[in-house]
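Participant: I'll drop the sequence and a predicted model, then ask my questions.
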Amino acid sequence: MNIPEGKKIYFSSDNHLGAPTQEESKPREAKFVKWLDEIKEDAAAIFLLGDLFDFWFEYKHVVPKGFVRTLGKLAEIRDSGIPIYFFVGNHDLWMHDYFEKELNIPVYHKPKEFEFNSKTFLIGHGDGLGPGDIGYKRMKKVFTNPLSKWLYKWLHPDIGVPLAQHLSVKNKLISGEEDQQFLGEEGEWLIQYCRKKLETKHFDYFLFGHRHLPLEIELSNTSTYINTGDWINFYTYAEFDGKEVLLKTYKP
């Protein structure tokens with residue numbers, strides 16, 4: 001993709017809409033929708049890097065109640081011709097094809113390579129990557145197993161959704177949430193993952209979420225790791241203006 005002059009690519013992650021309750025997350029949702037409404041004026045594309053929802057499960061004919069303002073704004077932006085890309089996180093990993101069929105937004109379950117204005121990017125959510133986090137990696141294999149999803153769908157939504165929402169908030173192993181303090185470059189698994197990737201292929205930028213920490217780390221003179229932070233404590237996002245990626249804070 002070549003970005004026209006005056007246009008930008010935007011990246012955000014970790015809204016966790018619905019947490020800790022629908023009512024408590026509504027002010028954060030309103031702020032996010034306002035941001036979407038503003039960036040649509042110069043957006044060449046928008047990347048949502050996972051955990052937009054604190055829980056998401058697609059039954060055959062049912063999706064979780066709520067989030068109408070967010071979904072409506074995404075539909076409006078996509079219908080206007082602006083590409084939107086969604087990477088599932090550990091809280092919405094049970095996303096299937098609802099976004100693709102209803103909103104025309106492609107959904108990715110693994111990191112994906114992109115090239116913008118001759119700059120190479122590796123983009124994803126970030127959960128379960130790099131060394132360590134063994135307990136969560138095992139749990140993720142269970143959750144992503146087709147049999148597990150098939151069994152879970154037989155729970156009535158009035159049981160399955162509140163149960164999953166409760167576990168999402170309370171159980172750190174299930175949620176995959178890590179310590180939200182910077183652990184140093186040697187202790188950050190995503191940084192180790194990026195450095196390992198650079199051993200076999202060059203990327204100008206690595207864009208991830210998951211850590212809930214806005215981070216910008218130089219991996220080399222020509223490669224940078226950026227974590228987009230979250231929309232709970234920091235309200236941060238990244239933008240690429242065709243030349244460089246900048247980490248910014250939304251202040252309406």
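Facilitator: Everything's here; your move.
Participant: low pLDDT regions in the chain?
Facilitator: For the chain, the stretches with pLDDT under 70 are 135, 164, 166-179.
Participant: the helices in it, which residues?
Facilitator: If DSSP state H is used as the criterion, the helices of the chain fall at 22-39, 68-79, 98, 134-144, 146-152, 157-170, 172-175, 189-198.
Participant: residues making contact with the second one?
Facilitator: Identification of contacts with helix 68-79 by Cβ atoms under 8 Å, 6 or more residues apart in numbering yields 15, 17, 29-30, 32-33, 36-37, 40, 43, 46, 52, 84, 102-105. For every residue, glycine as well, the C-beta is placed using N, CA and C.
Participant: hmm, back to that, reformat the helices of the chain into JSON lines and put distance to K8 next to each item.
Facilitator: Converted to JSON lines, the helices of the chain look like this (distance: least, Cβ to Cβ, whole Å):
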{"stretch": "helix 22-39", "distance to K8": "8"}
{"stretch": "helix 68-79", "distance to K8": "14"}
{"stretch": "helix 98", "distance to K8": "27"}
{"stretch": "helix 134-144", "distance to K8": "33"}
{"stretch": "helix 146-152", "distance to K8": "36"}
{"stretch": "helix 157-170", "distance to K8": "32"}
{"stretch": "helix 172-175", "distance to K8": "31"}
{"stretch": "helix 189-198", "distance to K8": "23"}
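Participant: Just say which of those is most tucked in.
Facilitator: With neighbours taken as mean count of other Cβ atoms under 10 Å, the helices of the chain reach their highest mean count in helix 189-198, at a mean of 19.
Participant: Other residues contacting that helix?
Facilitator: Helix 189-198 is contacted by residues 122, 126, 129-133, 178, 185-186, 203, 206, 208, 210-211, 217, 219-220, 223, 225, 227 when judged by Cβ under 8 Å, 6+ apart.
Participant: quick one, what contacts S25?
Facilitator: Counting by Cβ under 8 Å, 6+ apart, S25 makes contact with H16, L17, G18, A19, D54.
Participant: related to what we said a few turns ago, so for N117, which of the helices of the chain sits nearest?
Facilitator: Evaluated over the helices of the chain, closeness to N117 peaks at helix 22-39, with 18.2 Å, by Cβ to Cβ.
Participant: and that closest one, C-alpha only, in PDB?
Facilitator: Provided in PDB are the C-alpha atoms of helix 22-39 (Å, rounded to 0.1, in the frame of the first residue of the first chain):
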ATOM      1  CA  GLN A  22     -20.900  -2.600  30.200                       C
ATOM      2  CA  GLU A  23     -22.000   0.600  32.100                       C
ATOM      3  CA  GLU A  24     -18.500   1.400  33.400                       C
ATOM      4  CA  SER A  25     -16.900   0.900  30.000                       C
ATOM      5  CA  LYS A  26     -19.300   3.300  28.100                       C
ATOM      6  CA  PRO A  27     -17.300   6.500  28.700                       C
ATOM      7  CA  ARG A  28     -14.200   4.700  27.300                       C
ATOM      8  CA  GLU A  29     -16.200   3.500  24.400                       C
ATOM      9  CA  ALA A  30     -17.500   7.000  23.700                       C
ATOM     10  CA  LYS A  31     -14.000   8.400  23.700                       C
ATOM     11  CA  PHE A  32     -12.800   5.700  21.300                       C
ATOM     12  CA  VAL A  33     -15.700   6.400  19.000                       C
ATOM     13  CA  LYS A  34     -14.900  10.100  19.000                       C
ATOM     14  CA  TRP A  35     -11.300   9.200  18.100                       C
ATOM     15  CA  LEU A  36     -12.500   7.100  15.200                       C
ATOM     16  CA  ASP A  37     -14.800   9.900  14.000                       C
ATOM     17  CA  GLU A  38     -11.800  12.300  14.000                       C
ATOM     18  CA  ILE A  39      -9.200  10.100  12.300                       C
END
